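sequence first, predicted model second:
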Amino acid sequence: MTSLTGRRILLGVSGGIAAYKSASLLRLLVEAGVDVQVVMTPAATRFVGPPTFAALSGKPVHADVFEQPDAVLHVRLARRAELAVVAPATANMLARLALGLADDLLSSTLLEATCPLVLAPAMHTGMWNHPATLANKEVLRGRGAVIVGPDEGPLAAGDAGIGRMAEPEVIFEAVRSRLAAGEDLSGVRVVVTAGPTHEPIDAVRYLGNRSSGKMGFAAAAEAARRGADVTLITGPVALPDPAGVQVVRVETAEEMAREVFDRFPECHAVIMAAAVADFRPARPVEGKFKKDAGPPDLTLEPTVDVLSTLGKRKEHQVLVGFAAETVELLPEGRRKLAEKNLDLIVVNEVGRPGTGFGADTDVAAILGRRGEDMAPRAWTKVELAAAICDRVASLIRSV
């Protein structure tokens, strides 16, 4: 079990009646040896006074962005935290976090923070079920936040239904689990590929595909959050570099293969999320085809099959492949899993809105060489990246 002794956690308390339960969560964290800094919204102080949290944490409680005029308080608080947990997280707080608003000390701190985030929503049922709240929840989950609850039960004003904040013990275990996830790939060298490759036809045209790189970038960010030494080899995409990741940018399948092959002997795992072109023009033109000369006569030749080559060279490495399919996801996935000597394959459904290339969500299955298949289901790419890293960490431990 992951020790929490000495871990630095920021406990955010927003303005809901469930704030009284946050005191119990704070006690659990302190008893586990956590160094807890409490930050409250002004509204939260009207439900439970700051002296209560100060007494339990042994630290001054912060609630005003201007309380230390000679210091940038929200920056200092954000950079100190290894994890932030907001309990309760009201509908207003979820909306502000989703929109990136920073109009008080807690929201300013969380916007500055780069650490993992755990949210425990609490509100009336109508607020939780409102389309705006549900959309905000998905935005935050898509960015990697862990959402705990809410539960069904008694609410304020004599109401009952879904919206009750999860119990402190459940939130505590979510915090422990999220911190543990930050350790399970510590010391592991991971290569992730992402995006398309562009195979030149002439000086301005190329053969490519619709891959956005989002899946590979999510996998690289998740592996880095878990402590891995990550190299991300990406084709042409319009995405910012993930924090804590070495990024190598390439154009063609040949360039991607060379970068992957060079690193393969020394790495522990490869996650091949890139959509590498299967074919390229055999004789690209150095200049530019002129339109008035008519359609070019293109002769295609196969590119190197990076995944199959890695499967043949594999020794101790965990090898994860991806397959984009429109029909027969499971049979095609199992065939490629065996043929390419993979440990895992992620089979994505493509060809319809909301899944596959360019989308923020996927309908996908995870198939394993040792079994433990995960049937096709809907995921955000962040959730799918976390599931892949769970399996990679488990496989590495079993080697």
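Perfect, I can see it now. Quantities reported herein were computed from a predicted structural model and do not represent experimental measurements.

so for stretch 322-341, what gets flagged as buried?
322-325, 329, 332-334, 336-337, 340-341 (16 or more other C-beta atoms under 10 Å). C-beta: built from backbone N, CA, C; applies to glycine.

which residues touch it?
Contacts to stretch 322-341, defined as C-beta atoms under 8 Å, 6 or more residues apart in numbering, come from residues 215, 272-273, 275, 307-308, 311-312, 314, 319, 321, 342, 344-351, 356-357, 365, 367-369, 376.

so how far is it from its chain's centroid?
24 Å (C-alpha atoms, centre = their mean, to the nearest Å).

with stretch 80-92 instead?
The answer for stretch 80-92 is 17 Å, by C-alpha atoms, centre = their mean.

buried ones in stretch 89-106?
Those would be 89-98, 102, 104-106, for stretch 89-106 by 16+ other C-beta under 10 Å.

no wait, stretch 179-194
Buried, per 16+ other C-beta under 10 Å, within stretch 179-194: 179, 181-182, 184-185, 188-194.

show me which pair in the residues you listed is furthest apart.
Greatest spatial distance among these (C-beta to C-beta): 179 and 193, at 28.5 Å.

which stretches of this structure form helices?
Using DSSP state H, the helices of the chain run over 19-31, 50-57, 73-80, 91-99, 105-112, 125-129, 131-142, 168-181, 214-225, 253-263, 306-313, 329-339, 381-398.

who's in contact with the third one?
Going back to what we said before, that points to helix 73-80. Outside helix 73-80, the residues touching it (C-beta under 8 Å, 6+ apart) are 8, 10, 37, 39, 62, 65, 67, 102, 105, 108-110, 112-115.

report the rounded mean pLDDT for that helix.
Averaged over helix 73-80, pLDDT sits at 87.

could I get the CA-only coordinates of that helix as CSV?
Provided in CSV are the C-alpha atoms of helix 73-80 (Å, rounded to 0.1, in the frame of the first residue of the first chain):
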residue,chain,number,x,y,z
LEU,A,73,0.3,33.2,-3.1
HIS,A,74,-1.6,31.1,-5.7
VAL,A,75,1.7,30.3,-7.5
ARG,A,76,3.5,29.2,-4.4
LEU,A,77,0.6,27.0,-3.3
ALA,A,78,0.2,25.5,-6.8
ARG,A,79,3.9,24.6,-7.2
ARG,A,80,4.1,23.1,-3.7
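
tell me the angle it makes with helix 105-112.
50 degrees (axes from the mean of the first three to the mean of the last three C-alpha atoms, to 10 degrees).

so which bits of helix 73-80 are buried?
Buried-residue list, helix 73-80, by 16+ other C-beta under 10 Å: 73-74, 77-78.
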